[in-house]
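Participant: Give the three-dimensional model of this entry:
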Amino acid sequence: MAASPAYGEEKGGSSSLGEPEYGHDPASGGIFSSDYKRHDDLKEMLDSNKDSLKLEAMKRIVAMIARGKNASDLFPAVVKNVACKNIEVKKLVYVYLVRYAEEQQDLALLSISTFQRGLKDPNQLIRASALRVLSSIRVPIIVPIMMLAIKEAASDMSPYVRKTAAHAIPKLYSLDSDQKDQLIEVIEKLLADKTTLVAGSVVMAFEEVCPERIDLIHKNYRKLCNLLIDVEEWGQVVIINMLTRYARTQFLSPNQNESLLEENTEKAFYGSEEEDGKDAKAEAAMLAKCKPYVMDPDHRLLLRNTKPLLQSRNAAVVMAVAQLYFHLAPKAEVGVIAKALVRLLRSHSEVQYVVLQNVATMSIKRRGMFEPYLKSFYIRSTDPTQIKILKLEVLTNLANETNISTILREFQTYIRSMDKDFVAATIQAIGRCATNIGKVRDTCLNGLVQLLSNRDELVVAESVVVIKKLLQMQPAQHSEIIKHMAKLTDNIQVPMARASILWLIGEYCEHVPKIAPDVLRKMAKSFTNEEDIVKLQVINLAAKLYLTNSKQSKLLTQYVLNLAKYDQNYDIRDRARFIRQLIVPTEKSGALNKYAKKLFLAQKPAPILESSFKDRDHFQLGSLSHLLNAKAVGYQELPDWPDEAPDPSVRNVEVSLSNAHISQVPEWTKCTSREKRKEKVEKPFYSDSEGESGPTESADSEPESGSEENGSSSSSGSSSSGTEEDEEEEEDSGEQSEDKEEEEVEKRPKRKDKEGSHKAVLGSAGRYALGSSPCCLLVQLLSPAFSAVKTYELLHRMAGEGLAVEYCFSRRPFPGDPHMVAVQIQISNNTDTEVKNLRVNEPKPLSGMRIQEFPEIEHLAPGDTASVVMGIDFCDSTQAANFQLCTHTRQFYVSIQPPVGELMAPVFMSENEFKKEQGKLMGMSEITEKLMLSEKCQSDHTIVQQLTSAANVGRVPCGASNEYRFAAKTVTSGSLVLITLERREGSTAQLTINSEKMVIGTMLVKDIIQALAQ
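Facilitator: Take a look at the predicted model:
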């Protein structure tokens, strides 16, 4: 049997390693095993020299933790393996340590040096796990070590490690709040991170540590809005909630003029002509003061970028967007959230409960947006009680004169339910509908009176309470109902209902002069057995009857007051003593005796039946505080709208060369004079204005091109399709001007740099610069560097059966697509026969890659060689592009893998521009390495030649004699790559690469060092 050994191994390992791990479990039969041998087999496996045994032990331990079992006694045995060289074991050890480091702090401190070494590990998962364990050891003595580790991790190349650093920040802050200033610096650095993995985590850290530092968000606001769609769901919720509060402080209310306009329309409708004439001037003055509202483009950007998230599969994200729209959007646009919220009502009951709480609050102010979905709030028999009550609340809020008949029919059905709490809530809902809608008040009242004959005492009691409130509105018309309710005192035993009937009879005793004294007589008999709330109303009834009908009720009143005088409850004793002095005139009674009637029989205002959700909207919707209707710990108040809009320029960010987007062909491309072009390009750089509106101030430029995102500068009314059409037209006009451009360039003298080794030919290269979207007006692509072209073998003539194929990177722009790298392929026919139909077949590039095949070669004679060019978009990656090279008889599988230096195109810039861009690419975007120059690389010419052979870069002029600068941009994304080589004493040198593409920067460092050290 092959299955039995596997089963035995799964349960506890081999018998040579002691008792099985599950032996102490009662379920496994080992109920008499002693505790001191617990986990002995796992400890032996962890002490073993074999990584396979350690890995198996760690898997079982982590499985125990996942099942909720306590594995803390294994801590010493596990922590010894933290320095294990096996990556898989080390990962699981860190998982265990994160769980138990806080409980076993002393033992964890012994291994702190190992955790510090783990922070330098080449594997990003180990670095992140080491930081996670370090931040889990909550001992104040290691705060400086944690602070240093977080700072280093915040600059790590891996976004996963930076994300872990963001998670560690709140842990350190809770341990030592004195580190706040340093942590804010780290948060500021991480907020500038452009990866979606980090965004949610760092905003969470911001919310925990310094939510008041709204200035840290200004520069990152647009970036967060644009990244939002790609952030993980947990991060989306955090960012949306934070941006809601941010927007309330930075933008004007979109509904600020609404109330004024509504008032004016009402006056115009109901007011007479004379009144209109008098008020016309005042209204005109008021409207003149009221400026027309224009939405800030950044406000529109937030609303536009969050709207697609209403379709998220995560209920929390949908709820977050819904509250953002409710608090920030113009009234006309809030309706879009209704459908998304109704969709969530099909989720689990827990989700329904939270969503309905928020819908109940929204439906009070914005009733109209939920009216089309009225049937979605009808109650099902399977709904839990709390869901039923919330749906009732929403239905009551949505009730109006048009739909009230439908809603009341629903309520009639609900009253027959077996759920008593739900029935009571339904009766209260009927009462609210009667209060709010005058035309159905009598209908509701009659229906509630019919319920008084119901067999269920709770239904009758709740009806009495509601009827009492409704009768207060029109008591004179409903004396019959009061008489009918007086008869119920014999049957109803619910204290609140009895108290309500007694209050009604006492308040309107003049309408029932014969019945009231008889009710008091009955209540006096049972006074000692009544509940306190009923006793108080009996005393009040006696007092009112004494004042209005003292002949019949004088003795009864004295009897009730004497009973109350000796009651156990001090409230009742005090009330009796107070009323006796007030209504029974004696020598000691004071001046208040004269006003007894006014005090007891004063007109009481009718009660207003309001929703319990009426005042909840001052809490941010979707928050725990809103759910509880009480301020929770850590809740951030939703700020009020500002009266005047703060300065919007605080959100402007300087356009970096790698991020700038050309949407139009600049005017200077059409200039015939070199001097005019130079003047036009350089003017914005040396102007005194410090505006953020972009590199040019021409009439063609967009209003806010300084923003990082594509859409922030467009007005709210403009559609994306229109923008795309404009771009297509501009590209067409650019193509038409290419021929003229080329002719002009050929006539001009060629420009040379100081070394004279590079030529700036602006023919095809100039077209390439303008055709590609990521490019700045100040950057101009150069022709490829003139260096020895290195060839690579694509197909050996032996493998190709006489067909030999070589390729090289020509460093020329690919004519079909500027985002593709041009690859020149040379095909040689070494056979004795003609090769036909040479072509590329079925290219299967990796995700994102694109391949533009070369035209088919119909005939290649024996001994002939053909040269073709194909384009490949490598997506700024050194991964190989795989395809099939086919002839009429054979297929050969080949692949082209580019060196990192061939993924870029040279860029020309001045020394000042270079320094400015380098200043923007510091911190995580900078890599510095020291190297030893070889004996060959001692002259300037050789250094430049070797470096340009390793990478397709352009030379940048430099004032220092011992420094070399080069610039390029990646072909696909247009990200800037800046290289600085500084010669030191002897043969030492320092290489610095600045690029937001950190992976490319790291690989480029290795290639350049290899080229210069040969």
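
Participant: what about Ile482, neighbour count?
Facilitator: 22 (other CB atoms under 10 Å). To be clear about C-beta, it is placed using only N, CA and C from the backbone, and glycine gets the same treatment.

Participant: cool, Lys915 as well?
Facilitator: By other CB under 10 Å, 13 other residues sit near Lys915.

Participant: One more: Ala316?
Facilitator: Neighbours of Ala316 under the rule other CB under 10 Å: 16.

Participant: Skipping its backbone neighbours, what lies nearest it in space?
Facilitator: In space, and not counting its chain neighbours, Ala316 is closest to Val237: 4.9 Å by CB to CB, 6 or more residues apart in numbering.

Participant: isn't the one you found right next to Ala315, touching?
Facilitator: No: using CB atoms under 8 Å, Val237 is not in contact with Ala315; the gap is 10.1 Å.

Participant: These two: which is more packed in?
Facilitator: The neighbour count for Val237 versus Ala315, taken as other CB under 10 Å, is higher for Val237 (23 against 20).

Participant: what packs against the helix or strand harbouring that one?
Facilitator: Assigned by DSSP states H and E, Val237 belongs to helix 233-250. Judged by 3 or more CB pairs under 8 Å, 6 or more residues apart in numbering; DSSP states H and E, helix 233-250 is in contact with helix 196-209, helix 221-227, helix 297-306, helix 315-328.

Participant: In TSV, list those along with distance to Leu1004 and mean pLDDT.
Facilitator: Formatted as TSV, these follow (distance: least, CB to CB, whole Å; pLDDT from 0 to 100):
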stretch	distance to Leu1004	mean pLDDT
helix 196-209	23	93
helix 221-227	26	91
helix 297-306	34	92
helix 315-328	39	93
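
Participant: Leaving out chain neighbours, which residue sits closest to the residue sitting nearest the centre point of the chain?
Facilitator: In the chain, the residue lying closest to the centroid (CA atoms, centre = their mean) is Gln236, at 1.6 Å. In space, and not counting its chain neighbours, Gln236 is closest to Val317: 5.0 Å by CB to CB, 6+ apart.

Participant: That neighbour: how many residues sit nearby?
Facilitator: Around Val317 sit 23 other residues, with neighbours defined as other CB under 10 Å.

Participant: do you know how far it is from Arg616?
Facilitator: Distance from Val317 to Arg616, counting by CB to CB, to the nearest Å: 22 Å.

Participant: With Arg222 instead?
Facilitator: Arg222 is 32 Å from Arg616, where distance means CB to CB.

Participant: element containing Ile145, please.
Facilitator: helix 143-154.

Participant: residues making contact with that helix?
Facilitator: Residues outside helix 143-154 that contact it (CB atoms under 8 Å, 6 or more residues apart in numbering): 112, 116, 119, 127-128, 130-131, 134-135, 161-162, 164-166, 168-169, 172, 175-176, 179, 182-183, 186, 189-190.

Participant: Where does pLDDT dip in the stretch 351-500 of the chain?
Facilitator: Counting by pLDDT under 70, the stretch 351-500 of the chain shows low-confidence ranges at 475-478.

Participant: how about 90 then?
Facilitator: Within the stretch 351-500 of the chain, the segments meeting pLDDT under 90 span 363-369, 371-372, 374, 381-383, 399-406, 408-424, 428, 430-500.

Participant: Can you show me the helices along it?
Facilitator: 385-398, 404-414, 420-436, 441-451, 457-471, 479-486, 495-507 (DSSP state H, counting those that start in this stretch).

Participant: quick revisit: so who does the residue nearest to Gln236 touch?
Facilitator: The contact partners of Val317, by CB under 8 Å, 6+ apart, come to 233, 236-237, 240, 309.

Participant: Name the nearest of these relative to Ser155.
Facilitator: Of all those, Gln236 has the smallest distance to Ser155: 25.7 Å, by CB to CB.

Participant: ok, back up a step: compare Arg222 and Arg616 and say which one has the larger neighbour count.
Facilitator: For Arg222 versus Arg616, the count of surrounding residues by other CB under 10 Å is larger for Arg222: 24 against 19.

Participant: didn't that one look like it was pressed against Leu301?
Facilitator: Yes: if you go by CB under 8 Å, Arg222 and Leu301 touch, sitting 6.6 Å apart.

Participant: what number of residues lie near Pro899?
Facilitator: Using other CB under 10 Å, the number of residues around Pro899 comes to 16.

Participant: Check the one 5 residues further on too.
Facilitator: Around Met904 sit 28 other residues, with neighbours defined as other CB under 10 Å.

Participant: how near is the closest residue to it other than its chain neighbours to Ser995?
Facilitator: Among residues not flanking Met904 along the chain, Ala968 sits closest, at 4.0 Å (CB to CB, 6+ apart). Using CB to CB, Ala968 is found at 9 Å from Ser995.

Participant: swap in Met932?
Facilitator: 24 Å.

Participant: Compare neighbour counts for the two and give me the winner.
Facilitator: Ser995 (24 against 12).

Participant: wait, that one sits on Gly1001?
Facilitator: Yes: judged on CB under 8 Å, Ser995 makes contact with Gly1001 at a distance of 4.4 Å.

Participant: Lys915 - that's part of a helix, no?
Facilitator: Yes: counting by DSSP: H, G, I helix; E, B strand; the rest coil, Lys915 is found in a helix.

Participant: List the contacts of the nearest residue to Tyr325 once chain neighbours are set aside.
Facilitator: With sequence-adjacent residues excluded and distances taken as CB to CB, 6+ apart, Tyr325 is closest to Ile337, at 4.9 Å. Each residue near Ile337 by CB under 8 Å, 6+ apart is listed here: 310, 321-322, 325-326, 369.

Participant: Could you do Val359 as well?
Facilitator: Val359 makes contacts with 341, 370, 394, as judged by CB under 8 Å, 6+ apart.

Participant: how distant is stretch 568-588 from the center of its chain?
Facilitator: Mean C-alpha position of stretch 568-588 versus that of the full chain (CA atoms, centre = their mean, to the nearest Å) differs by 63 Å.

Participant: List the buried residues of it.
Facilitator: Using 16 or more other CB atoms under 10 Å as the test for burial, stretch 568-588 gives 572, 575-576, 579-584.

Participant: quick revisit: now render the helices of the stretch 351-500 of the chain as CSV, adding distance to Ala866.
Facilitator: Converted to CSV, these look like this (distance: least, CB to CB, whole Å):
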stretch, distance to Ala866
helix 385-398, 75
helix 404-414, 80
helix 420-436, 84
helix 441-451, 92
helix 457-471, 94
helix 479-486, 104
helix 495-507, 99
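
Participant: Ile427: neighbour count?
Facilitator: Neighbours around Ile427, by other CB under 10 Å: 25.

Participant: ok, it touching Glu462?
Facilitator: Yes: Ile427 is in contact with Glu462 according to CB under 8 Å; the separation is 4.5 Å.

Participant: Measure how buried Leu556 is and give me the count.
Facilitator: For Leu556, the count of nearby residues is 18 (other CB under 10 Å).

Participant: element containing it, please.
Facilitator: Leu556 belongs to helix 550-565 when assigned by DSSP H and E.

Participant: Alpha carbons of that helix, as PDB, please.
Facilitator: Provided in PDB are the C-alpha atoms of helix 550-565 (Å, rounded to 0.1, in the frame of the first residue of the first chain):
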ATOM      1  CA  SER A 550     -62.200  68.600  42.200                       C
ATOM      2  CA  LYS A 551     -65.700  67.500  43.400                       C
ATOM      3  CA  GLN A 552     -65.400  64.000  42.000                       C
ATOM      4  CA  SER A 553     -61.700  63.500  42.400                       C
ATOM      5  CA  LYS A 554     -60.600  65.300  45.600                       C
ATOM      6  CA  LEU A 555     -60.700  62.300  47.900                       C
ATOM      7  CA  LEU A 556     -59.200  60.000  45.200                       C
ATOM      8  CA  THR A 557     -56.300  62.500  44.700                       C
ATOM      9  CA  GLN A 558     -55.600  62.600  48.500                       C
ATOM     10  CA  TYR A 559     -55.600  58.800  48.600                       C
ATOM     11  CA  VAL A 560     -53.200  58.400  45.700                       C
ATOM     12  CA  LEU A 561     -50.800  61.100  47.200                       C
ATOM     13  CA  ASN A 562     -50.900  59.300  50.500                       C
ATOM     14  CA  LEU A 563     -50.000  56.000  48.800                       C
ATOM     15  CA  ALA A 564     -47.200  57.700  46.900                       C
ATOM     16  CA  LYS A 565     -45.900  59.300  50.100                       C
END
